[in-house]
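Peer 1: Structure here, sequence nowhere to be found:
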């Protein structure tokens, strides 16, 4: 176990790449842009999935599964969506390999096995789901249709980074159909609220809820709601989106319903998703130069117990105490590991579990046995405390809750102190160059200005906050009138 | 809700196809051979997943995720495996669409976006996982490596049927690596036992555990263990397989480890999987002419309560009683639905829940209110019982357990009475034509005989049972000596 992580202050990007690999979260595969999610990383993703799935079901959604492939004719039916994804999609053209006559032992694509119609590996599933919904929806009694899918999707990104941008990624995508515009908008808003709740209360990541500008909107959506988080390097990360699709897909795929009066109307739609990208947000919100820092809610191992001993007798006595403790925590559904490997020294174990972000470490040595104590260390603050045997279970239970809370508050403080209101463009550029973070500024509402600012500063409008106050002002670039501030930032 | 299911005795295959669609389990999609798994069907699959996942973790496995694509050079590295899957794989050749200059609004594959190396959509993941394992395994301390993946795979089958044979399907695939042959064989055996336990005790499907013959073995395996179930039409269905891979993949991908003496050795491997095909097995083991019959363990809704009323007052009084009952069952983690739709008559509701296989139906009418009773109906036997209010919760709790057991025993009786030992080929053919089921017969051990029997009867060797007794005999076709019986059947 060699730590030797690059420091964040030296090279944040390098620190991230190293940490993902060294903490056993994921690695690049032999397939360009595709990652392998390793068991430790996947265990964290499973915890996210379980909680999100619970929240989706609680809000009335059911899971289903739709095909991986979208025939080209369906793919191109909703024009904006097709245009948005055409440039980065994997295309299946053949369905058979054969022996290569020129190269013994090698295979080649069989030219006689060309598909009549090419299949697009789904970059998102609207274009396969809406034609299916057409068969499911006849009358207003079939609505709302509230469905979610857990799936893999593929977007042929040219520059990829583990979790943040990969050619294949895992996600969930909700796709709902409604009888009215009001209902569909309410659904989009409900789901962005579910995501914000999940990010803040489960992942301890503070987020800003907002709308995307037209430029940043999902291809095919009328309105895109988003949650935006701020990473430790001052760059923003879009952590989840929820789209009000209007009747765009209903019209493209002719999905109508008979309303209560028997009149045919087009259905209103939404879609919403979060992905394994959230793993990147998790890492870059909480972790430090010693490695991963995990909020207790997401930690596959919440407590590790490390024995410190010289003799076999000491090891035996400590093991007995540790095993009792393990049983007590398990009863409380707290995930605990007794690291009883005899092949590694305590220092090595400390460093390994620090790197892997286990929230609480309990060390037990001969002195602790004598005194009836444990040494409890927090991963987030690296602080230590000696705790009496009788109090340890309650103490650690409370501590896990406190760590979860403290991590959120720490990230919130950082985020809040990195939202800077600016009045002119000089200040705008200065903040982006020095303090970084979100810049709250007036904007004239045009795509041209947005584009110019992006060219000049690399900052994009992350969102128009849902809770922004109406305020007369002038655009930070053009001086034209504006009715409220939007949040700019450089982004992942 | 139109039932009108074809009767099994009329056309079993048609009955199956209709039932899958009418019970809202799955349907064909606009993509050739690919299915949409509808929410009700997916809810059953989720229950299977949850239980299997629990069993895998209990036996020390962790989940991970590997890429969807296998580069052609990796795909062809293990020759037998490549040969086995080359004829039915979806191949990605391009990564971009562009506007079709000849057809406004249409897209075409961009010829300038051809991949340097074709990517195969995984039909199974050995060829992408073993090159990854090469990086993870250095010494005996890294072994065993016990990993499972939940994923979608694609096999370009020409004739597809919902759940039984689809171009894309969902499955889990375990891939393990071991230091010794003995350990790897023990793992393969452990996993076939896990599958058998799951099939019998969770799905109520009796299975025969056995080996596959060389002809039927997984491409690239040294030995394939399987569980075979018998459907109501007398055809067998392979419900799960576990493969001892020997060192085949380790050699193909050069995966070695340093043993305790520091010597380099090739790793030993296994892989094992079950898929959404199990949904087909479930349907064809238990269901009847009225629709689906679900074992309580797998039923998304275990109990449905149907009110029978004429006036609003009656409905209100019944609703009160029903809601109390719902709360009582929920406390016991029993999944219950009060069907309080006012738009449908009781008869319609009875038929709908029968079609959907809900194990227990409770009806409450005004007379029941007076008498303090409920009418309880079993889906599997269609029998009814009047139960006192005070006893209902315990009664139904016990009944669910009894139904689970009874379904297994019924299927077991059927299966056992459809294993026929035969001595000569006339009898062999007669059983296959009339009684159907498994035919237990002596076989001379050659692939030629196996092939001939298949040509003559369409029956294949489903397995060499693990518990078969050594018994001298003569091959049913050739009269050559044999040391024990094998099971033949026509199969899905």
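Peer 2: Structure received. The structure presented is a predicted model; accordingly, all values stated were derived computationally and were not measured.
Peer 1: okay, CA-based contacts and neighbour counts for the rest of this
Peer 2: Will do.
Peer 1: so where do the helices sit in chain A?
Peer 2: A:12-22, A:39-58, A:72-75, A:79-85, A:126-136, A:181-197, A:248-252, A:277-286, A:312-331, A:346-355, A:366-371, A:392-416, A:425-433, A:447-457 (DSSP state H).
Peer 1: Distance from the chain centre to the first one, please.
Peer 2: Think helix A:12-22. 17 Å (Cα atoms, centre = their mean, to the nearest Å).
Peer 1: and what of the longest one?
Peer 2: On the basis of Cα atoms, centre = their mean, helix A:392-416 sits 20 Å off its chain's mean C-alpha point.
Peer 1: other SSEs contacting it?
Peer 2: helix A:277-286, helix A:312-331 (3 or more Cα pairs under 8 Å, 6 or more residues apart in numbering or on different chains; DSSP states H and E).
Peer 1: Would you mark the buried spots in it?
Peer 2: A:392-393, A:396, A:399-400, A:403-412, A:414-415 (16 or more other Cα atoms under 10 Å in any protein chain shown).
Peer 1: returning to what we had before: most tightly packed of the helices and strands packed on helix A:392-416?
Peer 2: Among these, the stretch with the highest mean neighbour count (mean count of other Cα atoms under 10 Å in any protein chain shown) is helix A:277-286, at a mean of 23.
Peer 1: Contacts only, for residue A:45.
Peer 2: A:276, A:279 (Cα atoms under 8 Å, 6 or more residues apart in numbering or on different chains).
Peer 1: Torsion angles phi and psi at residue A:445?
Peer 2: phi 90, psi 0 (degrees, to the nearest 10).
Peer 1: Now it: closest residue in space that isn't a chain neighbour?
Peer 2: Residue nearest to residue A:445 in three dimensions, not counting chain neighbours: residue A:482, with 7.2 Å by Cα to Cα, 6 or more residues apart in numbering or on different chains.
Peer 1: try residue A:275
Peer 2: residue A:171 (3.9 Å).
Peer 1: With residue A:459 instead?
Peer 2: The shortest distance from residue A:459 to any non-neighbouring residue, by Cα to Cα, 6+ apart, is to residue A:490 (4.3 Å).
Peer 1: Same check on residue A:457?
Peer 2: Closest residue in space to residue A:457, ignoring its immediate chain neighbours: residue A:429 at 6.8 Å, by Cα to Cα, 6+ apart.
Peer 1: thought the residue nearest to residue A:445 was touching residue A:444?
Peer 2: Yes. Under the contact definition of Cα atoms under 8 Å, residue A:482 touches residue A:444, with a separation of 5.1 Å.
Peer 1: Give me the common contacts of these two.
Peer 2: A:474-475.
Peer 1: any idea how far the most centrally placed residue in chain A lies from residue A:228?
Peer 2: In chain A, the residue lying closest to the centroid (Cα atoms, centre = their mean) is residue A:278, at 1.5 Å. Residue A:278 sits 11 Å away from residue A:228, going by Cα to Cα, to the nearest Å.
Peer 1: what's the overlap in contacts for those two?
Peer 2: Listed as contacting both residue A:278 and residue A:228 by Cα under 8 Å, 6+ apart are residue A:239.
Peer 1: Who are the contact partners of residue A:338?
Peer 2: Here residue A:338 is in contact with A:304-306, A:322-323, A:326 (Cα under 8 Å, 6+ apart).
Peer 1: Name the nearest of those residues relative to chain B.
Peer 2: residue A:326 (17.1 Å; Cα to the nearest Cα).
Peer 1: What distance do you get for that closest one to residue A:355?
Peer 2: Residue A:326 is 22 Å from residue A:355, by Cα to Cα.
Peer 1: How about residue A:425?
Peer 2: For residue A:425, the distance to residue A:355 - Cα to Cα - is 41 Å.
Peer 1: again with residue A:50
Peer 2: Relative to residue A:355, residue A:50 is positioned 25 Å away (Cα to Cα).
Peer 1: before we move on, what about residue A:380?
Peer 2: 11 Å.
Peer 1: quick one: which of these two has more around it?
Peer 2: More neighbours surround residue A:355 than the other of residue A:380 and residue A:355, with 25 against 22 (other Cα atoms under 10 Å in any protein chain shown).
Peer 1: The more buried one reaches residue A:21, doesn't it?
Peer 2: No. Contact criterion Cα under 8 Å: residue A:355 and residue A:21 do not qualify, at 10.8 Å.
Peer 1: hmm, back to that, what is the burial count for the residue nearest to residue A:457?
Peer 2: Other residues near residue A:429 number 17, with proximity taken as other Cα under 10 Å.
Peer 1: Which strand residues bridge residue A:374?
Peer 2: residue A:387 (DSSP bridges).
Peer 1: dump the residue contacts of it.
Peer 2: Going by Cα under 8 Å, 6+ apart, residue A:374 touches A:362-364, A:368, A:386-389, A:392.
Peer 1: Can you tell me the number of residues neighbouring whatever residue of the stretch 151-300 of chain A ends up closest to chain B?
Peer 2: Residue of the stretch 151-300 of chain A nearest chain B, by Cα to the nearest Cα: residue A:156 (6.4 Å). The local packing of residue A:156 (other Cα under 10 Å) involves 23 other residues.
Peer 1: How many residues are close by the closest residue to it other than its chain neighbours?
Peer 2: Nearest residue to residue A:156 in three dimensions, chain neighbours excluded: residue A:88, at 4.4 Å (Cα to Cα, 6+ apart). Neighbourhood size, residue A:88 [other Cα under 10 Å]: 19.
Peer 1: Enumerate every residue touching residue A:88.
Peer 2: A:155-157, B:95-97.
Peer 1: what about 6 Å?
Peer 2: Going by Cα atoms under 6 Å, 6 or more residues apart in numbering or on different chains, residue A:88 touches A:155-156, B:96.
Peer 1: pretty sure residue A:206 is in contact with residue A:197, am I right?
Peer 2: No. At 9.3 Å, residue A:206 does not count as touching residue A:197 under the criterion of Cα atoms under 6 Å.
Peer 1: which of the two has more neighbours?
Peer 2: Set residue A:206 next to residue A:197 and count neighbours by other Cα under 10 Å: residue A:206 wins out with 27 against 17.
Peer 1: neighbours around the residue in the stretch 201-350 of chain A positioned nearest to chain B, how many?
Peer 2: For the stretch 201-350 of chain A and chain B, the shortest gap (Cα to the nearest Cα) falls at residue A:343, measuring 10.2 Å. Other residues near residue A:343 come to 5 when the count uses other Cα under 10 Å.
Peer 1: and chain A, which residues reach chain B?
Peer 2: Counting by Cα under 6 Å from any Cα of the partner chain, chain A comes close to chain B at A:34, A:36-39, A:42, A:62-67, A:86-92, A:94-97.
Peer 1: Look at residue A:370 and report its pLDDT.
Peer 2: If you check residue A:370, the pLDDT there is 95.
Peer 1: try residue A:25
Peer 2: Among the per-residue scores, residue A:25 shows a pLDDT of 98.
Peer 1: Over to residue A:3?
Peer 2: Residue A:3 is assigned 62 on the pLDDT scale.
Peer 1: again with residue A:158
Peer 2: 87.
Peer 1: List the residues that contact residue A:357.
Peer 2: Taking Cα under 6 Å, 6+ apart, one finds A:292-294 in contact with residue A:357.
Peer 1: Residue A:67 now?
Peer 2: By Cα under 6 Å, 6+ apart, the residues touching residue A:67 are residue B:34.
Peer 1: and it, what are its phi and psi?
Peer 2: phi -60, psi 150.
Peer 1: again, but for residue A:59
Peer 2: Dihedral angles for residue A:59 - degrees, to the nearest 10 - are phi -100, psi 20.
Peer 1: could you list every residue that touches it?
Peer 2: Residue A:59 neighbours (Cα under 6 Å, 6+ apart): none.
Peer 1: would you list every one of the strands in the stretch 201-350 of chain A?
Peer 2: A:208-211, A:223-230, A:236-246, A:256-258, A:264-266, A:268-275, A:303-307, A:336-338 (DSSP state E, counting those that start in this stretch).
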